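A.B. asks: Have a look at this prediction, sequence included:
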Amino acid sequence: GEDVEQSLFLSVREGDSSVINCTYTDSSSTYLYWYKQEPGAGLQLLTYIFSNMDMKQDQRLTVLLNKKDKHLSLRIADTQTGDSAIYFCAELPAGNMLTFGGGTRLMVKP
Amino acid sequence: DTEVTQTPKHLVMGMTNKKSLKCEQHMGHRAMYWYKQKAKKPPELMFVYSYEKLSINESVPSRFSPECPNSSLLNLHLHALQPEDSALYLCASSQDQGITEAFFGQGTRLTVV
């Protein structure tokens, strides 16, 4: 995860929006992903964005990509307690393997 | 069907035991992966199989031995493990190696005693 960085922790109130940020280093990355991991479970692919896109919206999730700054964000609207989990961003450099960030633990307070 | 199924969900083994982890997918994916995840850390890649052939071994100790019997199955054979090998072992698959998104199984929680 050394090439992909995320803040460790985010706490929000139920109903608020959450924004989880990620910076990556490999400009050849064709896809960038967000995975969700609940305690004791595997990784669930939430959404992804192709590198030629700036934004992708999928229900409560909005992904923003700033290729110039190599910055990726995931916005969760109307955050619920069930959204509490660890969120990993991951880049997929051309011809290479997924590289994960360290994960951001999202805590949603009722 | 976008499922990757791993068995068992939990495994406790002694350092002299031999055990196997199993992974199955029926999405027609040609690449399958083993990852190791320690608590509060991201997954670390161990092995990649592409078209049933071992493509990448990330310098994993020989006490971990992968096997791909067919395009739907991936095993990880364990022998003479150490307590520090205790972790969540995740299997994943993707349509092709390193090109598209990977789908992960729920993992096997391994404890070595």
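C.D. replies: That came in fine, so what should we check first? Worth saying up front: this structure is predicted, and the values here are computed from it rather than measured.

A.B. asks: Now do the contacts for the residue in chain A that chain B sits nearest to.
C.D. replies: Across chain A, no residue is closer to chain B than A:Phe100, which sits at 3.7 Å (CB to the nearest CB). From N, CA and C alone the C-beta is placed, and that goes for glycine too. Contacts for A:Phe100 were tallied using CB atoms under 8 Å, 6 or more residues apart in numbering or on different chains; they are A:1, A:4, A:35, A:88-90, B:42-43.

A.B. asks: Let's verify the nearest residue to it once chain neighbours are set aside: helix, strand, or coil?
C.D. replies: Closest residue to A:Phe100 apart from its sequence neighbours, by CB to CB, 6 or more residues apart in numbering or on different chains: B:Pro42 at 3.7 Å. Following DSSP: H, G, I helix; E, B strand; the rest coil, we place B:Pro42 in the coil state.

A.B. asks: Could you tell me how many residues sit around B:Pro42?
C.D. replies: By the criterion of other CB atoms under 10 Å in any protein chain shown, B:Pro42 has 23 neighbours.

A.B. asks: Surely it is in contact with A:Gly101?
C.D. replies: Yes: B:Pro42 lies in contact with A:Gly101 (CB atoms under 8 Å); the separation is 6.5 Å.

A.B. asks: Next, the residue of chain A closest to chain B: phi, psi?
C.D. replies: phi -90, psi 150 (degrees, to the nearest 10).

A.B. asks: Beta-bridge partners for it, please?
C.D. replies: A:Phe100 has the following beta-bridge partners by DSSP bridges: A:Ala90.
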